[in-house]
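S.K.: Sequence first, then the predicted structure, then my questions.
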Amino acid sequence: MFTPLSSLAVALSFLLASQAAIAQSMPTQDANIGPSSSLPSITVYASRFEEKLTDALPHISIVTAADILKSGASNFSEVLSRVAGLPVRLNLDGSSNAVIDMKGFGETASNNIVVLLDGVRLSENDQSMARTSMIPLEAIDHIEITKTGNSVLYGDGANTGTINIVTRKNMGRLTVITGGLASYAGYQSGLYHSQPLENSELSLFARQYASDNFRKNSKGTEFSAGTNWVKKIDAQTDIGARFFASRERNNLPGALPLILLQSSPRETQVPDYDWDANVDARSLTLFGKWTLQNVQFAIDLNKRSRKNSDAYSYDAYDVFSGYHYDDWRQSYGNTSSQADTHSASPRVKINHFLVTNNVLQMGFDWLKTSKNGQAFLTFGCSSQSLTSLCGNAGADAGGNTYQIDHRSKGLYFRNILDVTVNDKMVLGYRRESYSQSRTVDYGFGPSTLNADGTTHASEFEYTKNFQPNLTGYLRVGRNFRVANADDNSNVLYAPDPIPLKVQTSSDIDIGLNYQSGAVTTMANFFRSDVKNEIGYDPSGCGYPCNVNYDPTRREGVNFSQKWAFSKAISLRTHLQYIHARFVEGTYAGKKMPGVSALSGNLSLDYQLGVKDQLTFTTRWAQSRYMSGDFENSQAKVPAYAVVDVSYFYREKNWSLVAAIINLTDKKYSDTGIYKSSYTSPFNLTVYPNPGRSFRLTGRYAF
């Protein structure tokens, strides 16, 4: 147990943050989404409270609704890649919920970043991705991207930062309808409607998407709908509710041998490969805020549920040596699970605490996740003598059931002091406790793994405005990730399962932001020393299992710039360089698999006239070692550079975006996997990205 006093006593200095460092992200008049709305001001929520854009810390960048509109992106993941310039890659579950890798964590990237919707977690407490596909782009006001460790405010998994999706608020009466067509029999539609009521506002939104997709047998459909209601009780008090529901249905084509990437990128792994992956999700949030003079109170109560089911069947004789029997060559399985998560996050912010220009923020996060599932897999048949048990997908075919329970409690504080007009300091600390249990039954009776403990995070930041248009900052911190029950499902047995240790990192970020009339620049150097990193090692236990890696290090540079050469021409670039490697142990000196050293994008915007704009974007990434290749001895996933072209036109309430994605029809992949136990060439596989495709999207606001 711990108390607020014991946590606050750990660090009682002051810390400083910049007050005007992200002014380069201020929207232009194009941010208007209504027929005649005035220029909106952006309210930033990255601190878990409302604040002005000019008060946000300098390592936060903003993607506005106008940026999203002109990009022609069809989903949230494309916005992150093409507009924000973040390194993303395909999600292997077939959905548009991309893997976001801000600091080179490769396979485990999704567990090292926290994605939020209006400050409430979308990131799951297991090994799955945050389900951003359910959010219609029409409902997004802006996106807040924090590119530094953020575990003090958001706890477990915020090692590389956070992404907060902020929905539209106070829009008055407004309706936005979108519709589009795309290659591979693709189509999409979207709806946003806001309606003022007495002392309140109600908004409704929905999204539909379907496509046959680039590869054979890879159809996908996504549908989501939701509502947001906010009521103003009085000038100091707001309450509200937000609800989302989504459904995803995907067919998966399987991994493709690397040697076929150039010749047959659209093929399935083997003929008649069949894998169906379905997800149904719901989320309900109740929220409120109350202001009493210099004190602000806020709370979020959230419940979200997710149902997954997978069913696959394919001829694995040529893929995996374990199926090299004439009477046992078909691999199949049926799995299903349901996860329910409850969370509560009360918090308080005290302005002018003890002294003028000092802000104290404190909060408590409580979370509980329960997950139940079952699986019947032919992989559970361990020898040829047992093939008689594998003739069906019943309980004798490698069947198991499991129950997971995970709980955490985190208490945190952050203090921000304006030392002078140009100097700020920030000091923060979090203490978090956790407990989890996993009970699994393979048909021989249940066995249980229990794990519990405490961990902490801390942060110190100093920001200085050297000039009105030049801001620098220094940030040091400690961040963490707790092994979830899925991580602990496949660990070392000696003879009982040994839970994984908490992953921690010591981080330093040094940044400089510059803004002039024509140029805005954000640049920072980062270094992260990670202990007990949680990941998968094919030989970590003498057999494939999840382990705590020997110490690793990431260091590199993030660089973003917008340069307006004239009223008609501007250039935007995002660049990330990462040196990710093991620094001790068996793999000392080896590079982290699945991580490109250099990646980014470059966009040229050409304003043809008052109403239209032409944009050329190139996205690139250097080659990377395949996931699982810890010895750095196998063929790499090849480097690539892809060109996209889009044309934006606006006429009063109407807008139109036409785009060609992958103009040169580049055959490439951003994901590769090495499995030494698989038969060549299936031991080196990739997941091909789409070839050339066309897209036309229309939008009407009234």
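M.R.: On my side now, so go ahead.
S.K.: packing partners for the helix or strand where residue 602 lies?
M.R.: Taking DSSP states H and E as the definition, residue 602 sits inside strand 598-607. Counting contacts by 3 or more C-beta pairs under 8 Å, 6 or more residues apart in numbering; DSSP states H and E, the secondary-structure elements packed against strand 598-607 are strand 569-582, strand 612-621. Yep, even glycine has a C-beta here, placed from its N, CA and C like the rest.
S.K.: and the ones you listed as JSON lines, adding mean neighbour count, mean pLDDT and distance to residue 272?
M.R.: As requested, the helices and strands packed on strand 598-607 are exported to JSON lines (neighbours: other C-beta atoms under 10 Å; pLDDT from 0 to 100; distance: least, C-beta to C-beta, whole Å):
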{"stretch": "strand 569-582", "mean neighbour count": "19", "mean pLDDT": "95", "distance to residue 272": "38"}
{"stretch": "strand 612-621", "mean neighbour count": "19", "mean pLDDT": "94", "distance to residue 272": "32"}
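S.K.: Present the ones you listed as CSV; the columns should include distance to residue 72.
M.R.: As requested, the helices and strands packed on strand 598-607 are exported to CSV (distance: least, C-beta to C-beta, whole Å):
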stretch, distance to residue 72
strand 569-582, 15
strand 612-621, 8
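S.K.: Of all the ones you listed, which one comes closest to residue 367?
M.R.: Evaluated with C-beta to C-beta, the helices and strands packed on strand 598-607 place strand 569-582 nearest to residue 367, the distance being 29.1 Å.
S.K.: Could you check the angle that closest one makes with strand 612-621?
M.R.: Here strand 569-582 runs at an angle of 20 degrees relative to strand 612-621 (axes from the mean of the first three to the mean of the last three C-alpha atoms, to 10 degrees).
S.K.: what about dumping the CA coordinates of strand 569-582 to CSV?
M.R.: Included here for strand 569-582 are C-alpha records, laid out as CSV according to Å, rounded to 0.1, in the frame of the first residue of the first chain:
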residue,chain,number,x,y,z
ILE,A,569,4.7,26.1,-52.2
SER,A,570,5.6,24.5,-48.9
LEU,A,571,7.7,21.6,-47.9
ARG,A,572,7.0,19.2,-44.9
THR,A,573,9.4,16.6,-43.7
HIS,A,574,9.5,14.1,-40.8
LEU,A,575,12.7,12.1,-40.1
GLN,A,576,13.5,9.5,-37.5
TYR,A,577,16.9,7.9,-37.0
ILE,A,578,17.3,5.2,-34.4
HIS,A,579,20.2,3.1,-33.3
ALA,A,580,18.5,0.2,-31.4
ARG,A,581,20.8,-2.5,-30.1
PHE,A,582,21.6,-5.0,-27.3
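S.K.: Tell me how many other residues surround residue 467.
M.R.: 9 (other C-beta atoms under 10 Å).
S.K.: beta partners for it?
M.R.: On DSSP bridges, the residues paired with residue 467 through beta bridges are residue 470.
S.K.: All further residue positions should be reported with the first residue as 20.
M.R.: Yep, numbering from 20; the last one is residue 486 now.
S.K.: what's in contact with the helix or strand where residue 676 lies?
M.R.: Here residue 676 sits within strand 673-680, counting by DSSP H and E. With C-beta atoms under 8 Å, 6 or more residues apart in numbering as the contact definition, strand 673-680 has outside contacts at 88-91, 661, 663-669, 709, 711-719.
S.K.: Okay, strands next: where are they in the stretch 420-569 of the chain?
M.R.: Under the criterion DSSP state E, counting those that start in this stretch, strands of the stretch 420-569 of the chain are mapped to 442-460, 465-486, 489-500, 522-534, 538-550, 553-556, 564-567.
S.K.: can you tell which of the helices and strands packed on strand 617-626 is closest to residue 374?
M.R.: When these are compared for distance to residue 374 using C-beta to C-beta, the nearest one is strand 588-601, at 39.2 Å.
S.K.: That closest one - contacts with which helices or strands?
M.R.: With contacts defined as 3+ C-beta pairs under 8 Å, 6+ apart, strand 588-601 has these neighbours: strand 571-583, strand 617-626.
S.K.: Adjacent strands (with direction) for the last one?
M.R.: So that's strand 617-626. Pairing partners of strand 617-626, with direction, according to DSSP bridges: strand 588-601 (antiparallel), strand 631-640 (antiparallel).
S.K.: After the strand holding residue 676, heading C-terminal, what element do we hit next?
M.R.: strand 688-693.
S.K.: How far away from the center of its chain is that next one?
M.R.: Using C-alpha atoms, centre = their mean, to the nearest Å, the distance from the centre of strand 688-693 to the centre of the chain it belongs to is 19 Å.
S.K.: for that strand, packing partners?
M.R.: Under the contact criterion of 3+ C-beta pairs under 8 Å, 6+ apart, the helices and strands touching strand 688-693 comprise strand 107-108, strand 655-656, strand 703-707.
S.K.: Export these as TSV, with columns for mean pLDDT, mean neighbour count and distance to residue 442.
M.R.: Supplementary listing: the helices and strands packed on strand 688-693 in TSV, determined by pLDDT from 0 to 100; neighbours: other C-beta atoms under 10 Å; distance: least, C-beta to C-beta, whole Å:
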stretch	mean pLDDT	mean neighbour count	distance to residue 442
strand 107-108	88	23	36
strand 655-656	96	24	45
strand 703-707	96	24	48
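S.K.: So which of the contacts of strand 673-680 belong to helices?
M.R.: Counting by DSSP state H, the contacts of strand 673-680 place 88-90 in helices.
S.K.: Which single one of the residues you listed is nearest to residue 366?
M.R.: residue 88 (32.6 Å).
S.K.: next helix or strand past the lowest-mean-pLDDT helix or strand in the chain?
M.R.: For the chain, counting by mean pLDDT, DSSP states H and E, helix 23-27 ranks last in confidence among helices and strands (a mean of 30). In the C-terminal direction, the helix or strand that comes right after helix 23-27 (DSSP H and E) is strand 62-63.
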